[in-house]
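Asks: Sequence first, predicted coordinates after that:
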Amino acid sequence: MKAIHVTRFGDPSVLEAVDLPDPRPGPGQLTIDVTHAAVGLIDVYFRQGLFKDHEGLPRPPFVPGLEVAGTVRALGEGVTGFAVGERVVTLSATGTGGYASVLVSDQAYVVSTEGYDIDPALAVAMVPNAAMAHMALTGVARLAPGESVLVHGALGGFASAVPGVARQLGASRVVGSVRAGKLGVAAASRLPYDTIVDSAELPEALDGQLFDVVIDPVGGALRTRSLDLLAPSGRLLLVGNASGDWDSVIDSNRVWVSSVTVSGFSAGVYVPNHLDELRPAAEAALRAVSDGLAHTEVDVLPLADAVTAHERMENRSVDGRIVLAL
Ligand SMILES: NC(=O)c1ccc[n+]([C@@H]2O[C@H](COP(=O)([O-])OP(=O)(O)OC[C@H]3O[C@@H](n4cnc5c(N)ncnc54)[C@H](OP(=O)(O)O)[C@@H]3O)[C@@H](O)[C@H]2O)c1
């Protein structure tokens, strides 16, 4: 099969095209003929070696890529409920394997898109993240109907899946924050935000509004400021650190005196421990995308342009998601 390897930790040039043997499914697994693989910041972190000291996370050589769309190629022993040729999207349990023409996956992480009229590039860009947003909003942030939500980095890969799912769950108001350079893109966005404000102008831009739930994939100073944006009993959910500020700390006494909750959601840890929540989350995600609640910009590049895709992730020339086509 065609694939991209991270040959060693480093800059985007360490990504190289390789030919590898086609994987075969083991018991409980499927193989997928990949048509599209999404590119996310986690792929960039793994390639850079940011988590190289964390046990169990990928070390070179490895094939990056967490999410794919494609068709079922073969079923392993004991797999039921899928047919060869069926259109699917998948999250990879290991966070790797996506940038390849064939992916092997545990059955639990594969979701059929049959019956939904969703373009595969949009499906891979949105369905896995919308499923994660559903698990985060229900299982961790405990969003209740009528509550309000603020989403930082509102147009980012993960963040852009949040407003549609929050709407489905009955949120009364969903506001996004972006950096000033993205306000033009925000104005043209079809994502179901009530409004999108400049993150540098928080809290003033919100005219005193407070939120029941704040979703923070950005971190750094914006995270610290978010404590002032929570309503009483509000929940600040930490889902990423796109700012790259790994030294930011939360003042625990402010959490106490404000009577708020700060929690974390990491798919790689949460999903394997809550597998029963994955299927309902995926069904909600498919509905959100097919109902037009998760329409984002998708830039499709050929697999051979994986280096360019990572360079664009790093220099922030991305308005929605980059997807590699096989
Ligand atoms: N919890 C989970 O399961 C999960 C799932 C997916 C991703 N994540 C994490 O979430 C984060 C985002 O990942 P992604 O794949 O969604 O990345 P992405 O598509 O690159 O989105 C990152 C977003 O953050 C914004 N941003 C970056 N630096 C910022 C700053 N200093 N201030 C304000 N906004 C800033 C970007 O805005 P610009 O466009 O203006 O740069 C962009 O909208 C990563 O840390 C990733 O590991 C977590």
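Replies: Good, I have the coordinates. Residues are numbered from 1 along each chain as shown.
Asks: And the ligand, is the longest strand anywhere in the chain touching that?
Replies: Using DSSP state E, we find that the single longest strand of the chain is strand 29-39. No: taking C-beta under 6 Å from any ligand atom as the criterion, strand 29-39 and the ligand are apart, separated by no less than 8.1 Å. Placement of C-beta: from N, CA and C, glycine included.
Asks: Report the secondary structure state of the closest residue to Leu286 other than its chain neighbours.
Replies: Ranked by C-beta to C-beta, 6 or more residues apart in numbering and with sequence neighbours excluded, the top spatial neighbour of Leu286 is Tyr116, at 5.2 Å. What DSSP: H, G, I helix; E, B strand; the rest coil gives for Tyr116 is coil.
Asks: burial of Tyr116, as a residue count?
Replies: Counted with other C-beta atoms under 10 Å, the neighbours of Tyr116 add up to 14.
Asks: So it sits against Val289, correct?
Replies: Yes: in terms of C-beta atoms under 8 Å, Tyr116 counts as a neighbour of Val289; the distance is 7.4 Å.
Asks: coming back round to it: so what strands line up beside the longest strand of the chain?
Replies: strand 67-75 (antiparallel), strand 102-106 (antiparallel), strand 321-325 (antiparallel) (DSSP bridges).
Asks: any chance of the ones you listed in TSV, plus mean neighbour count, distance to the ligand and mean pLDDT?
Replies: Converted to TSV, those look like this (neighbours: other C-beta atoms under 10 Å; distance: least, C-beta to the nearest ligand atom, whole Å; pLDDT from 0 to 100):
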stretch	mean neighbour count	distance to the ligand	mean pLDDT
strand 67-75	24	9	98
strand 102-106	23	17	97
strand 321-325	24	6	98
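Asks: right, and those - which one's nearest Leu227?
Replies: Of all the strands paired with strand 29-39, strand 321-325 sits nearest to Leu227, with 29.4 Å by C-beta to C-beta.
Asks: Identify each buried residue in stretch 146-162, please.
Replies: For stretch 146-162, the neighbour count (16 or more other C-beta atoms under 10 Å) marks 147-162 as buried.
Asks: scratch that, stretch 23-42
Replies: Neighbour-count burial for stretch 23-42 flags 23, 25, 29-42 (criterion: 16+ other C-beta under 10 Å).
Asks: Please apply the same query to stretch 52-71.
Replies: Residues of stretch 52-71 classed as buried by neighbour count (16+ other C-beta under 10 Å): 57-58, 62-71.
Asks: and it, how far apart are its ends?
Replies: End-to-end distance of stretch 52-71 (C-alpha to C-alpha, to the nearest Å): 32 Å.
Asks: do stretch 156-174 as well
Replies: Note: stretch 156-174 ends 15 Å apart using C-alpha to C-alpha.
Asks: Please renumber the chain so that the first residue is 127 from this point on.
Replies: Taking 127 as the first residue, the last one we looked at is stretch 282-300.
Asks: what's the spacing between that stretch and its chain's center?
Replies: Here stretch 282-300 is found 13 Å from its chain centre; the criterion is C-alpha atoms, centre = their mean, to the nearest Å.
Asks: got it, and stretch 319-332?
Replies: Using C-alpha atoms, centre = their mean, the offset of stretch 319-332 from its chain centre is 22 Å.
Asks: Just the C-alphas of that stretch, formatted as PDB.
Replies: Backbone C-alpha positions of stretch 319-332 (Å, rounded to 0.1, in the frame of the first residue of the first chain) are rendered in PDB as follows:
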ATOM      1  CA  TYR A 319     -22.500  30.100  16.000                       C
ATOM      2  CA  ASP A 320     -24.800  32.900  17.200                       C
ATOM      3  CA  THR A 321     -21.700  35.200  16.900                       C
ATOM      4  CA  ILE A 322     -17.900  34.900  16.700                       C
ATOM      5  CA  VAL A 323     -15.800  37.500  18.600                       C
ATOM      6  CA  ASP A 324     -12.100  38.500  18.700                       C
ATOM      7  CA  SER A 325     -10.400  36.500  21.400                       C
ATOM      8  CA  ALA A 326      -8.100  39.400  22.200                       C
ATOM      9  CA  GLU A 327     -11.100  41.500  23.100                       C
ATOM     10  CA  LEU A 328     -12.400  39.100  25.800                       C
ATOM     11  CA  PRO A 329     -14.200  39.700  28.100                       C
ATOM     12  CA  GLU A 330     -15.200  43.200  26.700                       C
ATOM     13  CA  ALA A 331     -16.500  41.800  23.400                       C
ATOM     14  CA  LEU A 332     -19.100  39.700  25.300                       C
END
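Asks: which residues are in contact with that stretch?
Replies: Residues from elsewhere that reach stretch 319-332 (C-beta atoms under 8 Å, 6 or more residues apart in numbering): 276-281, 289, 299-306, 309, 312-313, 315, 344, 348, 351, 354-355.
Asks: Likewise for stretch 422-442?
Replies: With C-beta under 8 Å, 6+ apart as the test, stretch 422-442 has contacts from 128, 130, 138-139, 141, 143, 162-163, 165, 167, 169-170, 173, 225, 227, 247-248, 251-252, 281, 286, 311, 315-317, 444-452.
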